[in-house]
Every structure is written in C-alpha cells, then in structure tokens.
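*Asks:* Let me see the structure of the following:
(chains A and B)
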Amino acid sequence: MQEKLIERAKTLLAEGKVQKVLGWKKGLFEDDITPAVFTSAEELDKDFVFNKYCKANLSKYLVKITKDIEIKKSTTRMNNTMAKQRDPNAAETPLPKEVVLAFLKPSDTYSFTQLLKENRINRDDVYAIGVPCQDTLDGKELCDNCKGKKHVSCDELLGVDENAEITPNSKRMEEVAKIEEMTPSERFEFWRGEFSRCIRCNACRNICPACTCEKCVFDNNALYTTQKVAETDFEENLFHIIRAWHVAGRCTDCGECSRVCPQHIPLYLLNRKFIKDINEIYGEYQAGADMETKPAMLRFEESDPETTIVYDRSKNGGNE
Amino acid sequence: MLCISKDKIDSLFELIGSKQPLYLPADNNSGKADFVKWEKGKKLSSALKTVRSAKDFFFPKTEHMVSYKVEGKEIKVEDPRKDIEDFVIFGVRSCDAKGFECIDNVYLNMNPVDSYYKNRREHGTVITLACNEPEKTCFCSTYKIDASLANASGDVSCWLADDKYYFQPNTEKGKKFIENAKTVLSEADKKPVELLQKEIQEKTEKLPFAHLNLSKFQGKDMLKIFNSKIWDSVSQACIGCGTCTYICPTCMCFDVRDFDTGNGIRQVRCWDSCMYNDFTQMAAENPRHTQKERSRQRFMHKLMYYPMAHEGMFSCVGCGRCLENCPINMNIVKVINAVNETDDI
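*Replies:* Residues are numbered from 1 along each chain as shown, chains lettered A, B, ... in the order given. Next up is the predicted model:
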C-alpha cells in the first residue's frame, strides 16, 4: 500500500500536476508518525509512510497550505498591477502554479468536504487522493467512528475497492445512549470526573478540523476566558461544552479530539451527542457528507420542532 | 535498610496518609496513572509514568497567589501561603525528581527566590521509586540520571525488589519520614536492592535512546543552531497546543492574572506555554510570530539556553512524556537527532 502511494505521488510530482505532497512521515518507532509536506521523490522515498498508525487527519493542514498558496498568487497579482501602473507595457509575471497532493482516508474526506463547504480551503489548490482507512489496514472491519459512506470530494482513489459496500458503524451511538440513560446527577458526576483530568493544553481544539477560527474566543486576552487560566475548577468543563456547541452540526466525528487528548478524555461523546440529537430532531444529517446539503444548524423549516435545552422527546418531538 | 512487604504497603500508606496528605500514582478511568491524594482503598498504580509529571505539587497548574478584599474602608490581604501543610509524595521517578532540581535552579537558587515555590518545596517530602521496567521512550541515561536510584534522589529512595519495598532516607526530611513509618517497617538486608540496581542499569543501557549524542549542545555554536534550517521541518506539523509543556517535568513558565471577585481582586498564576500565540505577549504582539519560532524557543531553552546559564545542566530529564503524548509526535529526541544529522551546524 505504502509503495503504491509513494509511486503515485512521485508520478504526479514528475508530471508537474502537484508541487507538494501532504502525507505522513516516519518517526523513531513504528507508531509515532508526524504529518509532513514532501516536495521531492527523494524525500518521499526516505520518510513517507502509510500504515495502521497513520491516524492523523491531514485535512486541517490544507487550510494553512492553501492559504499560503493563495497569498502567493495575490501577491503576484498585486505586483503585476503595480508594474502595469508604472509601465503599461510591463511584462506580466505568471501566477505561481502550486497544487498540493493530499492523501485522505474516508473519515478525513468528510472533514475536507466540510472545510470546502465553509470556504476554508480553495479546492483548486488541492489534488485529493482517497486512500483506505488506517483501521482497515489493521485488519479491523470498521473503526469506532465509521460513517460507512465512501470517500467524498476526491479526485481519485488509490487502493480502495470502489464497489465494496460499507455499512456504517451501527454501534456508534451506543455509548451516547448509555450516558443519556444516566440520571442528571450521575451524568454530571461522570463529566465532572472526566473533565477533572483536563490540563487545558488545547490539543483538542488545535487539532480539530472544525476549529478553524482566525482567533478563538479562548485566545482573547481582553476576556477572562483565555486558554491558560482556570479561575475556577468549572472552567475546563465550560471550555469543552462551549467548544462542543460551537462545532455542533459541523463536527464530522473524525475522532481527532479524543485521539490527541493526553488525558484520554472521551470528548467524542460530547460531539456524538450533538450529532445524535440533530439526527433525531432535524432528521439524519452527516456533516461533510457532500457539498450540497444545507447545514443542519443553518436551515429552518416550519416543521422543525421547537426544542429547548430540556427537550422532551416523549412529547411529539417538542411540538404540541 | 528498612523494608515492608508488597502486600502490606497499604498499611504504610494508611499510617502516613492518616496524619498528613499523601499523594501517590493511581490508575484513573482512562487506564492511565495520575498522582492522587491517598484515601482508604486507593491502590498504587503499577504504571511506570503518570501522565502529568510530579512538578504539579510544587508548581501547580493554577496557584492562588494573593487576594485583596474590600471590607468597608479596609482592604484585607489574604496570603494563601500559610495554608500549605506538610505532605508526602510517594512514587516519584528519578527523572521527575531531577526535574525538581531544574526548577530549583531557577526558583530557589537565583534571586529573587520564588517564595510560593519555596514554601511548597519545604513542606513536601519526596519519596522516589526506582524504575524496574524502563520503557522504550525513556532516555534519562542520556542525561546521566540514574533510574536505579544508586545515587540519592529525593528525600527517601525506595525500591521494589523481591516483592518488598526497601527504603533509604537521603535527607533530614527523609529521616523524619522513616521515623514516622518505623512501626510498620522491618530491618532487611540490602542485597536484593543491589541486584535490582544492577538489573535496572543493564536494562536502561539497552534502551534505544540510552546515549543520545549531545556534543553539539555544549554551549557553542548557539547562533548556528538557532539559524539552522531544521526548525522548519521540526515545526511544520506543530499544532501549537500546550501538551508538551504541560506534561514536561521541567517546563516552568507561568503567567499571572488578576480576577475581579466583585469586592476585591484574586490574583492567580497559571502555567504558560511557549507554544501558545499569546506567550510573552507585549504591547503589540508575541515576538515569536509563527510556530517555528515558538518550537525553536522550547527546544533551544531545554538544550542551549538553560545549560548555558546552569553549568551545563540540561533542562530535559529524558522522561519521554513528550514522545508519548505529542499529538503530532514531534519531540526532543527527534530534535537532537535532526541537529546531529543536519549539515548546516
């Protein structure tokens, strides 16, 4: 599999179709893999790796990479305009051609599509190749957060059986259901216990493909909500709850937040609760599944139930 | 040497823990270990490392520094330092214990002395525990730190050999601890400890990063390393979170904030991270504009700036936590390797 990816990347580099390759880089051991950008065949041969430990979702890196490409282009455009003003006959500098090849696993393509939908990535700057899920390389049939659909928004697929029917992980919401069954005080204790381990390192926020604000509210020094200081022991709790609200309807359930948490807090449960509720209240919706569907939290239909925080499902979805 | 059998260790914890706060590594919900306050039923974890280092006890994540309260025409000043009581930390590994020394150098051995840190340090008794099974991510021997505790480390050194915990006091505080614990301890021959020490030393020698080459970090060529091209690739994937700095036993930067409590001010200090975009924020901006400068600052501090100010002592202790927890798996071993391999230094 790894060889196939390297070969394809080399070909595309040689053809000039792409100038950069976003992939995974070997570490000290088999399992400590770092996302990296490769620009030559030699680099690919030396360090490129694709195995069951390539869990990192690369889609968020595309935000910065494509932004840098766009900045280069607009700088050239501006210089051309200025040169034209000085001398109408001045030769025009051609726009730099830069395309980045990104290898995306099925789950990553959802994040990628969601970012495209939010105009955070310029599609023309990316050549997306769909590759199999790292968990299937591990022999697992489907991973915990499997959405069961295929690759979306990819230019081509590599090593993927296009006809294989993948059913979504039906057990995805089981854990959430368990928490829903708790009494409010049990649930409160559960989350207080989990959040008590939080060290507020912000890894969950910084890795999250849905968290791409230019400036996060928690980075605002003018507010008493900055990333570092927990004035009370409830602040970490609020941080996670606010974040979950903010990514509601945009979270694709890629699982990166819980994967990177040094304290192994099951943050995905918060996000899945929102997904479950959206599905139940507003109808099935999967963030990042396609480019067309209107986002669940941004559309309104008269038939939408009027929910409250203490939404009671037993009463006709809140509608009397 | 004094000892207690492994199945009786709870009686020692009960004896100490009933008199003063006792902290020990215990397994948490996630299957990892963290230092927690002992209470009846808490079991010592068998994990080698806690996720957070033991620096928390002397340099907590958030520390209340002072409160000002307005009462009528009076302003009352509350100093929380007096509330700290004597406590014991059991099961600190030698790397974390060395980490205390790194912080001591800055907060105790330099002027001005950090009175908050000093206060906690004076009240704490550290009982180190030898690492019977060092892991592949451990590289303390690179910094000549001894996981077998052949050299005194902490107030009391402790070994688990032949299903018995052996104790050796190293300081006055340590002697006091032994005095308090004497009723449950019995005399024993130190032979098993010596055998264990040899065994641990052999194991650490075989670890993949037992002897990293630090010859380029001897206080020379600082600018060459600073300006090297390696920092581009080191920082390329960095997401700018604070995981590495918060779990590191030697990271000691903090920020001070005031909170309006309605009728007064509450001043706290909290851990800060050079990975953050508002670290050392000045009137205009953070002088380190991109993640490249921020990552460089962290590793240069550990491997160059700190040793240059403290007689060659590195402010990395080889605990390996950054190797295990970095979301993108960039760590100090990779940086040392990159410096050694690059052609521009």
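
*Asks:* Would you indicate which residues of the helix or strand of chain B at the bottom of the mean pLDDT ranking are buried?
*Replies:* Using mean pLDDT, DSSP states H and E, strand B:254-260 stands out as the lowest-scoring helix or strand of chain B, at a mean of 88. For strand B:254-260, the neighbour count (16 or more other CB atoms under 10 Å in any protein chain shown) marks B:F254, B:D255, B:R257 as buried. For glycine as for every other residue, the C-beta is placed from the backbone atoms N, C-alpha and C.

*Asks:* go on, stretch B:212-229?
*Replies:* Of all the residues in stretch B:212-229, those buried under the rule 16+ other CB under 10 Å are B:L212, B:L214, B:K216, B:F217, B:I225, B:S228.

*Asks:* Turn these into CSV, columns for secondary structure, pLDDT and distance to chain A.
*Replies:* Shown next, in CSV, are the buried residues of stretch B:212-229 (DSSP: H, G, I helix; E, B strand; the rest coil; pLDDT from 0 to 100; distance: CB to the nearest CB, whole Å):
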residue, secondary structure, pLDDT, distance to chain A
B:L212, coil, 95, 11
B:L214, coil, 95, 17
B:K216, coil, 93, 18
B:F217, coil, 93, 19
B:I225, helix, 95, 20
B:S228, coil, 95, 18
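
*Asks:* Can you name the two of those residues that sit furthest apart?
*Replies:* B:L212 and B:S228 (17.4 Å; CB to CB).

*Asks:* what are the C-alpha coordinates of stretch A:73-84, in PDB please?
*Replies:* Coordinates of each C-alpha in stretch A:73-84 appear next as PDB, following Å, rounded to 0.1, in the frame of the first residue of the first chain:
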ATOM      1  CA  LYS A  73      -0.900  34.300  -6.000                       C
ATOM      2  CA  SER A  74      -2.500  37.500  -4.800                       C
ATOM      3  CA  THR A  75       1.000  39.000  -4.100                       C
ATOM      4  CA  THR A  76       1.900  38.300  -7.800                       C
ATOM      5  CA  ARG A  77      -1.400  39.800  -9.000                       C
ATOM      6  CA  MET A  78      -0.800  42.900  -6.900                       C
ATOM      7  CA  ASN A  79       2.800  43.200  -8.200                       C
ATOM      8  CA  ASN A  80       1.600  42.900 -11.700                       C
ATOM      9  CA  THR A  81      -1.000  45.600 -11.300                       C
ATOM     10  CA  MET A  82       1.600  47.900  -9.700                       C
ATOM     11  CA  ALA A  83       4.100  47.200 -12.500                       C
ATOM     12  CA  LYS A  84       1.400  48.000 -15.100                       C
END
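
*Asks:* Residue numbers of the stretch 101-250 of chain B in contact with chain A?
*Replies:* B:136, B:208-209, B:233, B:236-237, B:239-243, B:245-247 (CB under 8 Å from any CB of the partner chain).

*Asks:* Which members of the residues you listed are classed as buried?
*Replies:* Burial by neighbour count, 16+ other CB under 10 Å: within those this picks out B:F209, B:S233, B:Q236, B:A237, B:I239, B:G240, B:C241, B:G242, B:T243, B:T245, B:Y246, B:I247.

*Asks:* possible to save those residues as a markdown table with pLDDT, secondary structure and distance to B:L196?
*Replies:* Converted to a markdown table, those look like this (pLDDT from 0 to 100; DSSP: H, G, I helix; E, B strand; the rest coil; distance: CB to CB, whole Å):
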| residue | pLDDT | secondary structure | distance to B:L196 |
| --- | --- | --- | --- |
| B:F209 | 95 | coil | 22 |
| B:S233 | 93 | helix | 41 |
| B:Q236 | 94 | coil | 43 |
| B:A237 | 95 | coil | 40 |
| B:I239 | 95 | coil | 41 |
| B:G240 | 94 | coil | 42 |
| B:C241 | 94 | coil | 38 |
| B:G242 | 93 | coil | 37 |
| B:T243 | 95 | helix | 33 |
| B:T245 | 96 | helix | 34 |
| B:Y246 | 95 | helix | 32 |
| B:I247 | 95 | helix | 28 |
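
*Asks:* Identify each buried residue in stretch A:34-51, please.
*Replies:* Quick answer for stretch A:34-51 (16+ other CB under 10 Å): A:T34, A:P35, A:A36, A:V37, A:F38, A:A41, A:E43, A:L44, A:D47, A:F48, A:V49, A:F50.

*Asks:* hmm, the least confident helix or strand of chain B touching chain A?
*Replies:* Yes: with CB under 8 Å from any CB as the criterion, chain A is reached by strand B:254-260 at B:D255, B:R257, B:F259.

*Asks:* Outside of that strand itself, list whatever touches it.
*Replies:* A:224, A:226, A:228-229, A:231, B:59, B:65, B:265-272 (CB atoms under 8 Å, 6 or more residues apart in numbering or on different chains).

*Asks:* Now do the following helix or strand past it: which elements does it pack against?
*Replies:* For strand B:254-260, the following helix or strand on the C-terminal side (DSSP states H and E) is strand B:264-271. Here strand B:264-271 touches strand B:62-71, strand B:254-260, going by 3 or more CB pairs under 8 Å, 6 or more residues apart in numbering or on different chains; DSSP states H and E.

*Asks:* let's see 10 Å
*Replies:* strand B:62-71, strand B:74-78, strand B:254-260 (3 or more CB pairs under 10 Å, 6 or more residues apart in numbering or on different chains; DSSP states H and E).

*Asks:* just the contacts of strand B:254-260 now: which is nearest B:K191?
*Replies:* Looking across the contacts of strand B:254-260 and measuring by CB to CB, the closest to B:K191 is B:F59, at 38.2 Å.

*Asks:* I'd say that closest one and B:G124 touch.
*Replies:* No: in terms of CB atoms under 10 Å, B:F59 does not count as a neighbour of B:G124; the distance is 11.2 Å.

*Asks:* what touches both of these two?
*Replies:* B:F100 (CB atoms under 10 Å, 6 or more residues apart in numbering or on different chains).

*Asks:* those strands in chain B, which residues are they?
*Replies:* Assigned by DSSP state E, the strands in chain B fall at B:2-5, B:22-27, B:33-37, B:62-71, B:74-78, B:87-92, B:124-129, B:156-161, B:164-169, B:186-187, B:254-260, B:264-271.

*Asks:* Can I get those strands in TSV including distance to A:E174?
*Replies:* Converted to TSV, the strands of chain B look like this (distance: least, CB to CB, whole Å):
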stretch	distance to A:E174
strand B:2-5	44
strand B:22-27	24
strand B:33-37	27
strand B:62-71	36
strand B:74-78	49
strand B:87-92	36
strand B:124-129	39
strand B:156-161	40
strand B:164-169	42
strand B:186-187	52
strand B:254-260	41
strand B:264-271	37
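
*Asks:* how many other residues sit next to A:E175?
*Replies:* Neighbours of A:E175 under the rule other CB atoms under 10 Å in any protein chain shown: 15.

*Asks:* again, but for the one 3 residues further on
*Replies:* Neighbouring residues of A:K178 were enumerated by other CB under 10 Å; the total is 11.

*Asks:* Now do the contacts for it.
*Replies:* Contacts of A:K178 (CB under 10 Å, 6+ apart): A:F190, A:L269.

*Asks:* re the thing from before, among the buried residues of stretch A:34-51, which are within reach of chain B?
*Replies:* When contact is defined as CB under 10 Å from any CB of the partner chain, the buried residues of stretch A:34-51 meet chain B at A:T34, A:P35, A:A36, A:V37, A:E43, A:D47.

*Asks:* picking up where we left off before, among the buried residues of stretch A:34-51, name the ones in helices.
*Replies:* A:A41, A:E43, A:L44, A:D47 (DSSP state H).

*Asks:* tell me the contacts of the second one?
*Replies:* Contacts for A:E43 were tallied using CB under 10 Å, 6+ apart; they are A:A9, A:L13, A:V21, A:G23, A:K25, A:A36, A:V37, B:S233.
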